[in-house]
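Peer 1: Just to be clear, the model below is a prediction. Sequence and coordinates:
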Amino acid sequence: SGVKNMFGSTLGIVGLGSVGRYVANWANAFGMRVVYYQRSQLNAELEAEFKAEYLSLNDLFEQSDFISIHVPLNDSTKGMIGAEQLERVTRDPIIVNIARADIIQKEELLAALDAGKLGGVGMDVHYKEPGDPDDPFLPYKHVVMSPHIAIGTRVNGSIDMEALVSNLDNALK
């Protein structure tokens with residue numbers, strides 16, 4: 001699959017809560033069409049504010065170039081994304097999951113990658129933390145994994161790094 005431009009693309013947001021709304025605003029700034037799915041549709045005023053169109057989960061997967069996951073993990077969301085959704089994709093979407101890994105069924109995600117249906121996957125959350133050296137997602141060139149840092153800022157990252165170096169320095173003394 002080729003390079004994707006954000007401008008003119010469709011972003012599907014699963015969960016238009018506080019984080020999903022930030023993402024919708026960013027998408028709007030890039031001229032993206034924003035569609036969303038969650039348990040209950042927002043009112044018309046909120047949909048207008050975030051320029052977001054409500055779709056079923058299956059339709060969201062069918063119409064999106066990028067998919068971003070922002071729902072909490074609970075009994076109703078665990079495994080909510082599986083073969084039924086992943087087999088509906090038509091645009092080689094890039095899926096970004098910074099919520100919880102288990103919202104997407106692991107084996108079905110691997111199967112969709114193997115079938116060449118996905119443009120890529122970005123995961124800030126993992127099915128096993130800390131990750132295994134033989135994590136099944138590691139061999140894929142179009143899967144990007146980060147160690148649960150998506151919510152952090154560069155300032156937080158540098159403060160954490162400073163603390164880490166300081167702790168190492170103290171331990172070595």
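Peer 2: Now that the structure is in, tell me what you want to look at.
Peer 1: What lies in contact with stretch 122-141?
Peer 2: Stretch 122-141 is contacted from outside by 94-102, 106, 110, 113, 121, 143-150, using CB atoms under 8 Å, 6 or more residues apart in numbering. The C-beta positions use only the backbone N, C-alpha and C, and glycine is treated the same way.
Peer 1: Would you indicate which residues of that stretch are buried?
Peer 2: Using 16 or more other CB atoms under 10 Å as the test for burial, stretch 122-141 gives 122-127, 137.
Peer 1: Check stretch 34-43 too.
Peer 2: Residues 34-38, 42 are the ones in stretch 34-43 that count as buried (16+ other CB under 10 Å).
Peer 1: for the chain, longest helix please?
Peer 2: helix 154-172 (DSSP state H).
Peer 1: mind saving the C-alpha coords of it as PDB?
Peer 2: Output of helix 154-172 as PDB, limited to C-alpha atoms (Å, rounded to 0.1, in the frame of the first residue of the first chain):
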ATOM      1  CA  ARG A 154       8.300  15.800  25.100                       C
ATOM      2  CA  VAL A 155       8.700  17.800  28.400                       C
ATOM      3  CA  ASN A 156       7.500  14.800  30.400                       C
ATOM      4  CA  GLY A 157       9.800  12.500  28.400                       C
ATOM      5  CA  SER A 158      12.900  14.700  29.100                       C
ATOM      6  CA  ILE A 159      12.000  14.900  32.800                       C
ATOM      7  CA  ASP A 160      11.700  11.100  33.000                       C
ATOM      8  CA  MET A 161      15.000  10.700  31.100                       C
ATOM      9  CA  GLU A 162      16.700  13.200  33.500                       C
ATOM     10  CA  ALA A 163      15.300  11.200  36.500                       C
ATOM     11  CA  LEU A 164      16.500   7.900  34.900                       C
ATOM     12  CA  VAL A 165      20.000   9.200  34.300                       C
ATOM     13  CA  SER A 166      20.100  10.700  37.800                       C
ATOM     14  CA  ASN A 167      19.000   7.400  39.400                       C
ATOM     15  CA  LEU A 168      21.700   5.500  37.400                       C
ATOM     16  CA  ASP A 169      24.300   8.000  38.400                       C
ATOM     17  CA  ASN A 170      23.300   7.700  42.100                       C
ATOM     18  CA  ALA A 171      23.300   3.900  41.800                       C
ATOM     19  CA  LEU A 172      26.800   3.800  40.200                       C
END
